[in-house]
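Just the structure for this:
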Amino acid sequence: MSSIISCSCLSFQKKENIEESTDSKIKVLNLGTFHFGYTPDANKTSFDEHSESAKREVRALAKIIAEFKPSIICVETLPEKDSVLNAAYQAFLRNPKDLNLQFGESSMLGFEVGRLAGVDKIYGIDNHMGYNYSVGDFIERSPDYTNSIDPKTYLQLTQEPFKDYPELAKREEGYDQLSLLGKLQLINEPLHLDYSINTNADKLLYVGIGDGFEGPDNAARFYHRNMKIFANLNRIPMQPDDRVFILMGTAHTAFLREFFRRSPKFKMCNTLDYLEP
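The predicted structure is shown next:
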């Protein structure tokens, strides 16, 4: 992590230069995270959100992120749950002594960032769609089916995702020993975000039975889900001077990054610049 750690004065100057160099588009801080509480995801991070040390880490992280000064905060919950989400948020604002664990990182971190930034409302922008990102594993394990597209590449992406990036692979091996901030620094690096797309969707482009498209069909559903998430974001009324903080699982963050890159509406800030201690 030493490559992205600097003294606070240099960090402040860097952020000032970033803001001066951007255009009139709406500024976005697009932060990927692992899920703090229960998750059905295949890849899980060990994190005891009930421990006092974890709560201290979350509050310290929220203080760093609040330097972005968001006016709009979006999290990984469904828009139809906004009334429940914001009832919990208002209750937290009235009594912020204890972090809210109800919605995992969305409430634990998102609510605290909102409190520090003075944000009145939290927006859910998630969308749920059924897809099977384990279809390739099922085919590989099944004696009745054979991957007829490209099992070699699929297995490399599954078993050695960082084969071409040994330094990143070494850091990934020590992931569980990292602090919360260290974990988020790692998983928000561009190469790691690319990995999130590969492992959740693109590796399925190498999977199929016979002349079928079982892998690509499921990958397309995940692409579709993230397109809907981006559309939900665009349903939120915004002004050019708004500043949007988005807190999602890293795979969603990775897809949103691609949409933001081409957007005439949004300008991404460098997430790693806002993950400095």
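
so L61 makes contact with G110?
No: applying Cβ atoms under 8 Å, one finds L61 not in contact with G110, separated by 11.2 Å. Backbone N, C-alpha and C define where each C-beta goes, glycine included.

Settle it for me: which of the two has more neighbours?
Comparing L61 with G110 by other Cβ atoms under 10 Å, the one with more neighbours is G110, at 31 against 22.

For that one, give its distance to T271.
15 Å (Cβ to Cβ, to the nearest Å).

Same check on E49?
Counting by Cβ to Cβ - E49 and T271 are separated by 22 Å.

what's the answer for N86, then?
Distance from N86 to T271, by Cβ to Cβ: 25 Å.

Can you tell me the SS state at A219?
Three-state call for A219 (DSSP: H, G, I helix; E, B strand; the rest coil): helix.

hang on, I meant V244
Following three-state DSSP, the label given to V244 is strand.

pLDDT score for it?
Note on V244: pLDDT of 98.

next one: E276
pLDDT recorded at E276 is 85.

Number the residues from 310 up from this point.
Renumbered: residue one is now 310, and that last one reads E585.

I figured L394 hits T386, correct?
Yes: with contacts counted by Cβ under 8 Å, L394 reaches T386, the gap being 5.5 Å.

neighbour count winner among those two?
Legend: neighbour count by other Cβ under 10 Å for L394 and T386, higher for L394 (24 against 20).

Quick one: residues contacting that one.
Under the criterion of Cβ atoms under 8 Å, 6 or more residues apart in numbering, the neighbours of L394 are 384, 386, 412, 415-416, 431, 433.

Give me the more crowded residue out of N395 and T580.
Neighbours were counted for N395 and for T580 using other Cβ under 10 Å; T580 has more, 23 against 17.

Next, give phi and psi for the residue nearest to the spatial centre of the chain.
Nearest to the mean C-alpha position of the chain, counting by Cα atoms, centre = their mean, stands G341 at 2.2 Å. Dihedral pair for G341: phi -90, psi 140, per degrees, to the nearest 10.

Right, I'll call it a day here.
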